[in-house]
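>>> from the sequence below, what's the structure:
(chains A and B)
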Amino acid sequence: MVLQTSLKNCLQLSCILRAPKAGFRSTTSGGLIIQSVSTDVYQNLAVEDWIHDHMNLENRQVLFLWRNSPAVVIGRHQNPWQECNLRLLRQKNIKLARRRSGGGTVYHDLGNINLTFFTTRKKYERMANLKLVVKALKALRPQLDVHVTDRYDILLDRQYKISGTAAKLGRTTAYHHCTLLCNADKFVLSSVLKSPYKGLKSNATPSVPASVKNLFEEDPSLTCEMLLDAIAEEYAAHHQIDHHITLINPADETVLPGIKNKTKELQTWEWVYGKTPKFSVSTCFNMVYKDSVLDVKVEMDVKHGRIEVCNIDLPEPWLPPALCSELMKSFTGSKFCPDETTALAGTLLRVCPQDDELRSKWNLLCENMIMLM
Amino acid sequence: VCIHRVRSCSSIRFIKSKYVCVFDKSALKFSHQQRLFRTSAVSCGQIVQFKLSDIGEGITEVTVKEWYIKEGDSVSQFDSICEVQSDKASVTITSRYDGIIRKLHYNLDEIAYVGKPLVDIEIDASKGVAPEEDVVETPPMSHEEHTHQEIKGHKTLATPAVRRLAMENNIKLSEVVGTGKDNRILKEDILNYLAKQTGAILPPSPKAEIIPPLPKSETMPAAPKDKARKIPVPVSRPIVFSGKDKTEPVTGFQKAMVKTMSAALKIPHFGYCDEIDLTQLVQLREELKPLAQIRGVKLSFMPFFIKAASLGLLQYPILNASLDESCQNVTYKASHNIGVAMDTDQGLIVPNVKNVQVCSVFEIASELNRLQSLGSAGQLGTNDLTGGTFTLSNIGTIGGTYAKAVILPPEVAIGALGKIQVLPRFNGKGEVFKAQIMNVSWSADHRIIDGATMARFSNLWKSYLENPASMLLDLK
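Coordinates of the predicted model:
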């Protein structure tokens, strides 16, 4: 039921979605349920943006259902270095996305479902939405102990978080989205959401860690499809509309004109990392070189994801001080990011006297600096 | 400016002359009714305190997270002013007025209160203050056709000046395609609509400050071009181009390039080019590709080029050397760490394959695979990027035949490989045959390398590649 792909669905959808000149010919006034066929986090976030910017929600509410392949999604005003293990993400090829709504960091994979409730700004009501989800869960499995807290979380058995919430309000429209843990990989979740970076100080919104549990652990007969269906059914009943899910392809420019640009913007470094509120790094590390252990102190200020100020305190004269100050100067203005730093470090070495000892010291220092990013 | 427009518009009967002046840029912002136009910001407008409106859910305070404008900026109605956050909800606050920002009441990360002033905006005195309710969508006059803003679930966005223009010209806003942000209808759109209706020429409006920023993919409205095709232009007008120069600081990769290339400039380069017949190598590679594939390695031509270079360097070690700063000493490097120029999203990086002199062609291929996948993922380490002694740049994968490569200090030579082309050549019997030809352009440091050395090295390298079997004799 959930995965129909009839052409009729898509045509009906394009009639409803095509702004601004389309006539409102659909019979489903009052509500619309759509589901994404893509598992790309950037494409799905772009759909949210598109609906938020282009769809008229007077007299209509929309429920958007989506799932993503492994990705970490941080809130609008968060600091990715504080929130997750970026090194691990790169190694495991897990995407990092920044959404436009507030709130904390979440890990998505195909075992997690996302629900977005679109309404006009006036009808924005998170508690009602979450209560609807709980009602759907209870209708599906009456024995489940799930309830909504006043922090807008959904708890299982009064202690495990199975859903987190975030919201975005614009001029006339608003959306509230939440996750629902069905069968996500908890091991990966806990390892990627643990930040190894020390000494970070910022006013970015911090996440509040919580113990989580999958609904699947509570009841192995549950699947994501069942949950999606149950929630759609409850939403349809609540808004007195057909229990009919329209599929939407986030790559289709004809149905969603301008979606490609929105998707691209969400993937730019400037958005994902550059939107991090100003922060400072104040840390130290030990380097083992031959028989000695060196203490290195590093202080950096990072704004818009770029290093504004950099200070590296090395015991002299392990590295020629001129070289060290060259390094600090060249960091200024460059991105707080491993590959840019690596390229810079590699290049700087070319323009100084060459010997193997210097090269290995230089590499050691740079590798350690890169570990901070 | 205004006068010029009156003249060229005089042939257009349907536009009432008093509205010609509305086309002027400042008029759009500050005045609807007056003919006077101002070209500089006037400070005798009324200052309105724009209060933070209700967020919903009984929320009374929010944190200011980002300002999109600063004091002195001009804003239009519906432009984003700032982003605030409250309890997991991020809210975009948009302006209710057209005007100039005169004061920001909060700094970043401060708490702002609902109902209290957020920013002070100076608006023109003649405009008056918009009502306290959120977002005025309907025009001031209630002419039936033009108040029809909500048409079948679609709303039209347009500033009051645009609405007036539409109304005076009997245009239904619902029939005009908006090209601004959020499909907002701009003055251009009204003009285009009018032009299409009558086929007349309208003067282009100065783009600079009137239009809210268009999305990046937008181009100029097609209307001027269409009009030019239909009716010959009687008056020649200057072509208005309003693109602006963009200055940004040199940072990151670019900065690294600047440093390297400035140092390279100190090296006196000389070039030497030659043509290599790769017909036999192409065939050999075709045979070996599946074997490498079985072992999980993608085999390109580079491993052969690299190995042949290393064999050549064994005979001409001066090409694998380094000259010190003072030009007093030459260091002959024992390892052949051959760099391969790679083009990534961020720019040029040159990772190197270490110790090619003791690697087999297969090992070189596998190492190249590793470097390439790390390079495209942006995960190369400093060790991979430092310690190179000789470089090959395969610009031919992108295109081109000859190149003059710049030596990467502290090295003394570099080779640029053009693309492989199929060209007719004569064989030993004087017959024409199809040959796979690639050009190589070497650059070397003329302070320690002379032309003859470079030529001999190149010949040796060439002979290995033209007759791959000969490499077998010298492989270690």
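
>>> can you show me the helices along the chain?
Just going to use chain A. A:7-17, A:41-54, A:80-83, A:86-91, A:126-140, A:186-192, A:215-218, A:224-239, A:259-267, A:269-272, A:321-331, A:338-350, A:356-371 (DSSP state H).

>>> should've been chain B
Under DSSP H, chain B gives helices at B:2-9, B:25-30, B:144-147, B:160-168, B:187-198, B:223-230, B:252-264, B:279-294, B:302-315, B:361-377, B:382-385, B:451-466, B:469-474.

>>> one step back: most tightly surrounded among the helices of chain A?
helix A:338-350 (a mean of 24; mean count of other CB atoms under 10 Å in any protein chain shown). Just so you know, the C-beta spots here come from the backbone N, C-alpha and C atoms, and that holds for glycine as well.

>>> quick revisit: between the helices of chain A, which one is closest to residue B:347.
Distance to residue B:347, taken as CB to CB, is lowest for helix A:338-350 among the helices of chain A, at 7.4 Å.

>>> that closest one vs helix B:361-377, what angle?
Orientation check (axes from the mean of the first three to the mean of the last three CA atoms, to 10 degrees): helix A:338-350 against helix B:361-377 gives 120 degrees.

>>> any idea of the mean pLDDT for helix A:338-350?
For helix A:338-350, mean pLDDT is 83.

>>> residue contacts, residue B:55?
A:169, B:62, B:86, B:89, B:91, B:114 (CB atoms under 8 Å, 6 or more residues apart in numbering or on different chains).

>>> tell me which of the helices of chain A approaches residue B:305 most closely.
Of all the helices of chain A, helix A:338-350 comes closest under CB to CB, at 22.2 Å.

>>> what's the closest one in contact with?
A:90, A:323, A:326-327, A:330-331, A:334, A:358-359, A:362-363, A:366, A:369-370, A:373, B:252-253, B:255-257, B:259-260, B:263, B:344, B:346-347, B:349-350, B:378-382, B:385-386, B:408-410.

>>> contacting residues around residue B:325?
residue A:353.

>>> and the residue positioned nearest the centre of chain A, how far is that from residue A:246?
Nearest to the geometric centre of chain A sits residue A:73, at 1.2 Å (CA atoms, centre = their mean). Distance, residue A:73 to residue A:246, using CB to CB, to the nearest Å: 24 Å.

>>> show me how the chain divides into domains.
You didn't say which chain, so I picked chain A. A:32-273, A:279-372 (the TED database).

>>> look at chain B instead
What the TED database lists as the domains of chain B is B:46-123, B:160-197, B:269-473.

>>> so what's residue B:411 up against?
B:322, B:339, B:388, B:389, B:390, B:391.

>>> which of the residues you listed are close to chain A?
Contacts with chain A within the contacts of residue B:411, counted by CB under 8 Å from any CB of the partner chain: residue B:322.

>>> mind checking which of the helices of chain A is nearest residue B:73?
helix A:269-272 (20.3 Å).

>>> what does that closest one rub up against?
So helix A:269-272 is contacted by A:80, A:96, A:97, A:98, A:265, A:266, A:304, A:305, A:335, A:337 (CB under 8 Å, 6+ apart).
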